[in-house]
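K.L.:
Got a predicted structure here, sequence first:
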Amino acid sequence: MQTLDPLATRTLDLGAAPSPELIDTRVEVIAPENIAFRYSVAGPFRRLPAFLIDVAVRIALWLGGMSAFLFAAPELGEAVIGVAVVLWFGLDWGYGAAFETLTNGRTPGKWLSGLRVVGVDGRPINALQAMLRNVLRSADLLPIVPWAWLGAEAPSLPIPIGLIGLATASATRRRQRLGDLAAGTIVVVAENRRPRKAPAFPATDRVAQIAGRIPAKWSLHPRTAAAIAQYVDRRARLSPARREEAATSLGAALRRQPGLAALSDEESLTNDLLLCALYHRMFAAQPVDAPGPNTTLVAAGATP
Amino acid sequence: MSTAAGNVLEERLARWRALETLCDQLASRKSRKVGVAQRLELAALYRAACSDLAAADADWAPPRTVEYLDHLVARAHGVLYRSRGVDLAACARLLLQEIPQSIVADGCFRAAFVIFWSCFTASLALSAARPDFAASLLGRDMLETMQESFSGQLEDRPLAANMAMAGFYIWHNTSIGLRCFAAGLLFGVGGLFATVYNAVVLGATFGWMLGAPQQDTFYEFVAAHGPFELTAIVLCAAAGMRLGFALVDTGGYDRVASLQRAARRSGPVAALAVLLFAAAAAIEAFVSPSGIGFAPKAVVSGLCSGMLMFYFVMLGGLGDRRGDAA
């Protein structure tokens, strides 16, 4: 079996190997199916609009509830104050916990901002976690500054600044405020906001035909396979001339390989077409009865 | 190796799209129309997507494919594993078994009760012995306002006024309690401060009232709701302290894991305190200010205290654990 790695002789490093610790806001979650998938964690400033929306929704719900109550029972008199205060209390402390428990980790503000609360293990949060992270928010909103600091005329309403939550969320890898740390939750960018388009594959008849002519025992080094995969991934955004330009160096090296030399007499075999055909052989065309992608072809290159 | 005539990726793409469509349907309002067969298919499609993602990860598949699959699997995961509702049997077990036992077994709660009652007693004694102690602590204005509000006899109020006051007490006292719980997270200092502060202020008030002419009215007012309210504020402060001290003494866990363990135990205690606050508010609004006389209020107070004793001693096993309290 031949092992071909046209890139091995060059100093070019593709950087395709997945590094264990990526410098971005994604965290890996292991599902019960023992598969790891990644979530994008929402930082404090992504969560601020959701928080403000929730405050507004709470006020709106309170006003709506009170007008409905006054409309339904206008003769209650002084007792209305009690209802108003209890309603506000319930909304103030129970709103987030109730929504996050009943609607799978989303308050209206989070839903509008495309966020969701999940457990650190990726599982949906339970009632206790929802209650904890919402009650402990009052610690995250500290310190409280009197409004008077902002201007002498202002009413003496205390304003929570939220420096503690900001500091802890900035300092932790998963952007957790204190309430999140205690409840074991993370806020992630929700996965069903904008369904991404499924990737398109260049599976024309011509590609399949050329792929069929590649010798069955021909194998490829994983790093080369990765380079081809990255190229095919990006070619959809390039014009034909640019595609050819980008494919030339890898294509030319591959053409010289013994297994592929036979393909070179094919007229109008562009480098782009060659890479697409190889890609097709590696990832697309495979025996129907075998589960998983065509691992033999790629893996064979690693252990010649 | 027989290469299939068809493109296997096309088949997979079809499966992925089917999963996407199913997720869309289940997320939308039409989710009730999704049949059983389709719901079962979701699980199969999700597992298939999982294995596709694992294979794609292992096989250096194009980054965009991996990214797409990541997205799809995370989304289907969220649809499949939804948050559960509230299980009433579990709540009852939590309330009647786990909470009292964890309160009694936890040194933080014992410490909070001891701190609260010792500060309360000391402050009461000081204030009764030296009248200027209460004045310097609480201020003359506040004492005069209080004296004024308890100057008359307690008389029945209209029901509407009682309801308004009940709402006010629920909101005011419970908010203080929950804030006290949250503040405990800051290394326990918040809970400790709140405990001592409440104990000293209440003790000074009680002590100062001992000598005042409004003594009878005052004690008649506070008797009925006192047990629940004082217990609730101490529970809140202690639950907060438990969180804060879990950050200091981690018991061999890392700090975050220790905090989570403590939160799982003290979160339900804070919920219990909310219930106690609500009960105390109802008593404070409807029973305490009424003109039914001292005896019925004393009975209510005794009943409440008895319930608390039963809760901590019988359900919590306070007596059983006295030997191994260390």
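P.N.:
That came through fine.
K.L.:
residue contacts, the closest residue to chain B within chain A?
P.N.:
Residue nearest to chain B within chain A: A:Gly82 (2.9 Å; CB to the nearest CB). Quick note: C-beta positions are derived from backbone N, CA and C, even for glycine. A:Gly82 is in contact with B:Met163, B:Ala164, B:Met165, B:Ala166, B:Gly167, B:Phe168, counting by CB atoms under 8 Å, 6 or more residues apart in numbering or on different chains.
K.L.:
Figure out the helix or strand that it lives in.
P.N.:
helix A:79-102 (DSSP states H and E).
K.L.:
A:Arg175 too?
P.N.:
Per DSSP H and E, there is no helix or strand for A:Arg175.
K.L.:
burial count for it?
P.N.:
Here the number of neighbours of A:Arg175 (other CB atoms under 10 Å in any protein chain shown) works out to 21.
K.L.:
Below-threshold pLDDT in the stretch 101-250 of chain A: ranges please.
P.N.:
Within the stretch 101-250 of chain A, the ranges that satisfy pLDDT under 70 run A:147-156, A:191-203.
K.L.:
how about the helices of it, start to end?
P.N.:
Ranges of helices in the stretch 101-250 of chain A, per DSSP state H, counting those that start in this stretch, are A:108-113, A:127-135, A:137-140, A:163-171, A:178-183, A:205-213, A:222-235, A:240-255.
K.L.:
longest helix of the chain?
P.N.:
Went with chain A since none was named. Longest helix in chain A, counting residues (DSSP state H): helix A:44-72.
K.L.:
my bad, chain B
P.N.:
Scanning chain B for the helix with the most residues, using DSSP H, yields helix B:215-248.
K.L.:
Deepest in the core, which of the helices of the stretch 101-250 of chain A is it.
P.N.:
Comparing those by mean neighbour count (mean count of other CB atoms under 10 Å in any protein chain shown), helix A:178-183 ranks first with a mean of 27.
K.L.:
right, and B:Ser266 touches B:Leu243 too?
P.N.:
Yes: the criterion here is CB atoms under 8 Å, and B:Ser266 meets it with B:Leu243 at 5.9 Å.
K.L.:
Now residue 95. Nearest residue, chain neighbours left out?
P.N.:
I went with chain A, as the question did not name one. Of all residues not flanking A:Tyr95 in the chain, A:Arg58 sits nearest, at 5.5 Å (CB to CB, 6 or more residues apart in numbering or on different chains).
K.L.:
try again with chain B
P.N.:
B:Leu272 (6.8 Å).
K.L.:
Can you name the residue of chain B nearest to chain A?
P.N.:
B:Gly167 (2.9 Å).
K.L.:
and that residue, how many neighbours?
P.N.:
Neighbour number of B:Gly167 under other CB under 10 Å is 23.
K.L.:
Next: B:Ala125.
P.N.:
Applying other CB under 10 Å, we find 14 residues neighbouring B:Ala125.
K.L.:
what about it, distance to B:Ala199?
P.N.:
Remark: distance between B:Ala125 and B:Ala199 (CB to CB, to the nearest Å) = 13 Å.
K.L.:
try A:Thr168
P.N.:
For A:Thr168, the distance to B:Ala199 (CB to CB) stands at 30 Å.
K.L.:
I'd guessed the residue nearest to A:Tyr95 sits against A:Trp93; true?
P.N.:
No: the criterion here is CB under 8 Å, and A:Arg58 misses it with A:Trp93 at 10.5 Å.
K.L.:
hmm, back to that, could you give the angle of the helix holding A:Gly82 to helix A:44-72?
P.N.:
Relative orientation of helix A:79-102 versus helix A:44-72 (axes from the mean of the first three to the mean of the last three CA atoms, to 10 degrees): 140 degrees.
K.L.:
in helix A:79-102, what's buried?
P.N.:
The neighbour-count check on helix A:79-102 (16 or more other CB atoms under 10 Å in any protein chain shown) flags A:79-101 as buried.
K.L.:
now swap in stretch B:207-216 and tell me
P.N.:
In terms of neighbour count (16+ other CB under 10 Å), stretch B:207-216 has its buried residues at B:Gly207, B:Trp208, B:Met209, B:Leu210, B:Ala212, B:Gln214.
K.L.:
What count of nearby residues applies to the closest residue to the fifth one other than its chain neighbours?
P.N.:
Which is B:Ala212. Take B:Ala212 and drop its neighbours on the chain: the residue closest to it by CB to CB, 6+ apart is B:Gln147, 6.3 Å away. Using other CB under 10 Å, B:Gln147 is surrounded by 15 other residues.
K.L.:
Likewise for B:Asn173?
P.N.:
24.
K.L.:
following the helix or strand hosting B:Ala90, which helix or strand comes up?
P.N.:
For B:Ala90, the host element (DSSP H and E) is helix B:88-93. Using DSSP H and E, the helix or strand that follows helix B:88-93 in sequence is helix B:99-105.
K.L.:
Same question for the helix or strand immediately after that next one in the chain: list its buried residues.
P.N.:
Remark: after helix B:99-105, the chain's next helix or strand is helix B:107-129, criterion DSSP H and E. For helix B:107-129, a neighbour-count test (16+ other CB under 10 Å) marks B:108-109, B:111-113, B:115-116, B:119-120, B:123-124, B:126-128 as buried.
K.L.:
Can I get helix B:107-129 as CSV, trimmed to CA atoms?
P.N.:
Output in CSV follows, covering the C-alpha atoms of helix B:107-129 (Å, rounded to 0.1, in the frame of the first residue of the first chain):
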residue,chain,number,x,y,z
GLY,B,107,-23.2,23.1,61.9
CYS,B,108,-23.9,26.4,60.1
PHE,B,109,-27.5,26.3,61.2
ARG,B,110,-26.7,25.5,64.8
ALA,B,111,-24.1,28.3,64.8
ALA,B,112,-26.6,30.8,63.3
PHE,B,113,-29.3,29.9,65.9
VAL,B,114,-26.7,30.2,68.7
ILE,B,115,-25.4,33.5,67.4
PHE,B,116,-28.9,34.9,66.9
TRP,B,117,-30.3,34.0,70.3
SER,B,118,-27.2,35.0,72.3
CYS,B,119,-27.0,38.4,70.5
PHE,B,120,-30.8,38.8,71.0
THR,B,121,-30.6,38.0,74.7
ALA,B,122,-27.6,40.1,75.3
SER,B,123,-29.1,43.1,73.5
LEU,B,124,-32.4,42.6,75.3
ALA,B,125,-30.7,42.5,78.7
LEU,B,126,-28.6,45.6,77.9
SER,B,127,-31.5,47.5,76.6
ALA,B,128,-33.7,46.6,79.6
ALA,B,129,-31.0,47.6,82.1
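K.L.:
Report the angle between the next helix or strand after it and helix B:107-129.
P.N.:
Downstream of helix B:107-129, the next assigned helix or strand under DSSP H and E is helix B:131-138. Orientation check (the same axes, to 10 degrees): helix B:131-138 against helix B:107-129 gives 130 degrees.
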